[in-house]
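Asker: sequence and predicted structure, then a few things I'm wondering about:
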Amino acid sequence: MKHITDVTILNNGIAMPWFGIGTYKAEGEEVAKAVTAALELGYRSIDTAAVYGNEEEVGRAIASSGVSRDSLFVTTKVWNTDQGYDTTLKAFDLSSRKLGLEIIDLYLIHWPGQDKYKDTWRALERLYEEGRVRAIGVSNFQIHHLQELMKESSIVPAVNQVELHPRFIQKELHDFCKLQQIQIEAWAPLMKGRLQDNELLAEIAARHGKTVPQVILRWGLQNEIVIIPKSVTVSRIKENSEIFNFELSREELNAITGLDADERIGTNPDKLFF
């Protein structure tokens, strides 16, 4: 991965950038400015969700950017309270209108929950078959959720977006997804700044003349993880993107992977019920 626009090819042949901007908890003018800055810096992938409450602002930033729609990859997600077949189709219509986009590049089920995700997936399959989405996938799904889903569906998820960072590498899940040709994508790839003072990461960063966040993001890329770091600060958005002019050695990659402590900062999907 040598460039910000480099892509992975999903299991249905669609190209998805390895790198993008996340917009979790970014609202109003703040998120519009962040997306605008990201697009000016060469980002071509934007991740949002219905529950973030910012699809309209994201859509407005895309529309005013001057960047051709064909070169962009836009992801959004159906929220838990909208799960189910008919309600998912309605939720998609609303997200599509808010974003101002007839076709969404990637539509995800935000959380597996208990039992509605199979009906929700049927709705996603319909949207895909109708050409309203270019790829469909899931978020926060564990192996058993994926196995249950694939037993009764005709389409294998293209992406599984999960919490993943050096303290929580989810190796078993990552290996399973690779085997099933499901692209793993990391939310909170920087562990929300909690690794900033890690000595090992600081040492590796100094060696390369980079920052700790840049080293973490590079580790993700070299482990074939799609990454979507969130920031609303232009300088940080720029810093996060400057990870394509260096490479970590195999020894450095292994050392960073060795930081794994099964340390989750988000919700355990198996303990979220709705």
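Answerer: Received it, and whenever you're ready, just let me know what you need. Numbers count the residues shown, from 1 in each chain.
Asker: next, count neighbours for the nearest residue to Ala15 once chain neighbours are set aside.
Answerer: Spatial nearest neighbour of Ala15, chain neighbours left out: Val7 (4.0 Å); criterion: Cβ to Cβ, 6 or more residues apart in numbering. For the C-beta atoms, the positions are set from N, CA and C on the backbone; glycine is no exception. By the measure other Cβ atoms under 10 Å, the count of residues near Val7 is 17.
Asker: check Met150 too.
Answerer: Neighbours around Met150, by other Cβ under 10 Å: 15.
Asker: for it, what is the enclosing helix or strand?
Answerer: Per DSSP states H and E: Met150 is located in helix 143-151.
Asker: what sits up against the helix or strand just after that helix?
Answerer: Counting by DSSP H and E, the element after helix 143-151 in chain order, helix or strand, is strand 159-163. If you take Cβ atoms under 8 Å, 6 or more residues apart in numbering as the criterion, strand 159-163 is touched by 10, 16, 47, 75, 106, 108, 135, 137-141, 146, 170, 173, 177, 182-188, 226, 228, 264-266.
Asker: mind checking which of these are in helices?
Answerer: When the contacts of strand 159-163 are checked against helices (DSSP state H), the matches are 146, 173, 177.
Asker: which one of the residues you listed is nearest Tyr24?
Answerer: Leu173 (20.5 Å; Cβ to Cβ).
Asker: and the closest one, how far is that from Ile182?
Answerer: Leu173 sits 10 Å away from Ile182, going by Cβ to Cβ, to the nearest Å.
Asker: what do you get for Arg236?
Answerer: 30 Å.
Asker: pick out whichever of these two has more residues nearby.
Answerer: Shown here are Arg236 and Ile182; by other Cβ under 10 Å, Ile182 has more neighbours (23 against 17).
Asker: which residue ranges form the strands in the stretch 101-250 of the chain?
Answerer: 104-109, 133-139, 159-163, 183-187, 226-227 (DSSP state E, counting those that start in this stretch).
Asker: dump those to TSV, plus distance to Ala34 and mean neighbour count.
Answerer: As requested, the strands of the stretch 101-250 of the chain are exported to TSV (distance: least, Cβ to Cβ, whole Å; neighbours: other Cβ atoms under 10 Å):
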stretch	distance to Ala34	mean neighbour count
strand 104-109	19	25
strand 133-139	21	24
strand 159-163	19	25
strand 183-187	16	23
strand 226-227	16	26
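Asker: pipe those strands into TSV and attach mean pLDDT and distance to Ile62 per row.
Answerer: As requested, the strands of the stretch 101-250 of the chain are exported to TSV (pLDDT from 0 to 100; distance: least, Cβ to Cβ, whole Å):
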stretch	mean pLDDT	distance to Ile62
strand 104-109	99	11
strand 133-139	98	15
strand 159-163	98	20
strand 183-187	98	20
strand 226-227	98	19
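Asker: what's the closest of those to Trp79?
Answerer: Here strand 104-109 is closest among the strands of the stretch 101-250 of the chain (Cβ to Cβ), at 9.5 Å.
Asker: strand partners of the closest one, parallel vs antiparallel please.
Answerer: Partners of strand 104-109 in the sheet, by DSSP bridges, are strand 73-78 (parallel), strand 133-139 (parallel).
Asker: quick one: closest of the ones you listed to Phe246.
Answerer: strand 73-78 (24.3 Å).
Asker: what does the closest one contact?
Answerer: By Cβ under 8 Å, 6+ apart, strand 73-78 touches 15-17, 20, 44-51, 55, 58, 62, 88, 91-92, 95, 99, 101, 104-110, 120, 124, 139, 161.
Asker: buried among those? Make that a ChimeraX selection.
Answerer: Buried residues within those, by 16 or more other Cβ atoms under 10 Å, are selected in ChimeraX with:
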select :16,17,20,44,45,46,47,48,49,50,51,55,58,62,88,91,92,95,99,101,104,105,106,107,108,109,110,120,124,139,161
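Asker: which among the ones in helices among the contacts of strand 159-163 gets closest to Asp260?
Answerer: Leu173 (12.5 Å).
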